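Trainee: I'll drop the sequence and a predicted model, then ask my questions.
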Amino acid sequence: MKKIKLAITGCMGRMGQQIIKSAKSNKNFVVTVITENRLIKKKINGLPISLNDERAFKKADVIIDFTIPKCTFEVLKIATKLKKKVIIGTTGFTKKEENLIKKYSRKIPILKAGNMSLGINLLMYLTEIASASLGNNYLSKVFEAHHRHKKDHPSGTALMLGKGIAVGKNKNLYKLIGKKYLNKKSFPYGKKINFNSIRKGEIIGEHEVKFSSGKEIITLNHEAFDRSLYSEGALTAAKWLYNKKPGLYSMRSLLNFK
């Protein structure tokens with residue numbers, strides 16, 4: 001099989017560097033270009049760091065983007081012009097930005113996931129089932145913890161889980177989002193979904209969904225121990241997306257959950 005040529009944006013970031021490392025040991029890929037949104041005179045694995053532009057992305061089949069929303073849209077604009085496939089692991093998009101990504105996906109294949117882990121996507125599926133089964137007599141809340149360098153909160157994964165609760169109730173997530181706490185030791189349930197985010201140390205990722213009736217509590221959780229979990233998931237997504245037509249896909253599409 002011909003190796004898939006990858007462009008990895010945000011190559012100086014934690015995930016960017018981890019994806020480069022994982023791709024190097026994966027026989028299905030070759031990293032042909034690495035980029036940043038500013039000029040950096042440095043090489044990683046013999047590759048110079050390029051800017052996000054047409055000349056750089058022409059060399060790739062699939063672009064993997066774990067950056068910030070502003071950078072992601074720079075990438076999407078160029079990728080659409082060049083008809084390149086894009087994996088989006090960036091989080092922190094507004095509702096308006098989510099709709100804009102949908103518009104881009106009419107022209108190019110995009111796989112977007114707040115989390116590339118198989119376990120997390122299974123957790124979201126189970127959250128939907130629990131939410132639908134337990135009904136409105138149970139209140140819910142979402143907890144997440146990440147390293148102190150992570151800027152957005154709640155995490156994209158926490159919002160994914162919130163969406164799982166909303167889907168189970170046949171409701172819109174944005175109408176169900178309650179209070180957003182940061183670094184609280186404890187936080188309450190509410191009529192809407194409350195979120196608590198911890199930013200501490202070098203935590204890779206912890207997520208927890210709780211449902212309470214006042215008489216019992218059901219807990220669903222996931223803990224990540226190795227960042228390669230996400231980079232390997234992103235590479236699995238890139239391989240899957242390689243032969244797809246324009247559209248907006250998710251890890252759920254790849255895993256074929258109902």
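Mentor: Yep, that arrived. Predicted model, so just to flag it, every value in this text is computed and none were measured.
Trainee: care to break the chain down by domain?
Mentor: 4-112+227-255, 118-224 (automatic domain parsing).
Trainee: Export those domains as a markdown table, with columns for mean neighbour count.
Mentor: C-beta here means a position set from N, CA and C on the backbone, and glycine is covered the same way. Shown next, in a markdown table, are the domains of the chain (neighbours: other C-beta atoms under 10 Å):
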| stretch | mean neighbour count |
| --- | --- |
| domain 4-112+227-255 | 18 |
| domain 118-224 | 18 |
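Trainee: JSON lines for those, including mean pLDDT?
Mentor: Written out in JSON lines, the entries for those read as follows (pLDDT from 0 to 100):
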{"stretch": "domain 4-112+227-255", "mean pLDDT": "95"}
{"stretch": "domain 118-224", "mean pLDDT": "95"}
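Trainee: and the residue nearest the centre of the chain, what does it touch?
Mentor: For the chain, the residue lying nearest the average C-alpha position, counting by C-alpha atoms, centre = their mean, turns out to be Gly114 (2.2 Å). For Gly114, the residues meeting the contact criterion (C-beta atoms under 8 Å, 6 or more residues apart in numbering) are 91, 155-157, 159-160.
Trainee: hmm, 7 Å instead?
Mentor: Shown in contact with Gly114 (C-beta atoms under 7 Å, 6 or more residues apart in numbering): 91, 156-157, 159-160.
Trainee: Can you list the neighbours in contact with the longest helix seen in the chain?
Mentor: Of all segments of type helix in the chain, defined using DSSP state H, the longest is helix 118-134. The contact list for helix 118-134, computed with C-beta under 7 Å, 6+ apart, reads 115, 140, 157, 160-161, 164-165, 167-169, 207, 209, 211, 218, 220, 222, 233, 251-252, 255, 257.
Trainee: Off-centre distance for it?
Mentor: Centroid displacement of helix 118-134 relative to its chain, using C-alpha atoms, centre = their mean, to the nearest Å, is 17 Å.
Trainee: And for stretch 51-66?
Mentor: Relative to the centre of its chain, stretch 51-66 is centred 19 Å away, using C-alpha atoms, centre = their mean.
Trainee: swap in stretch 99-106?
Mentor: Between the mean C-alpha point of stretch 99-106 and the mean C-alpha point of its chain there is a distance of 16 Å (C-alpha atoms, centre = their mean).
Trainee: CA-only coordinates of that stretch in CSV, if you can.
Mentor: The C-alpha trace of stretch 99-106 is given here as CSV (Å, rounded to 0.1, in the frame of the first residue of the first chain):
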residue,chain,number,x,y,z
ASN,A,99,-21.5,25.5,11.6
LEU,A,100,-18.7,26.9,9.5
ILE,A,101,-16.8,23.6,9.7
LYS,A,102,-20.0,21.9,8.4
LYS,A,103,-19.9,24.3,5.4
TYR,A,104,-16.3,23.4,4.7
SER,A,105,-17.1,19.7,4.9
ARG,A,106,-19.4,20.0,1.9
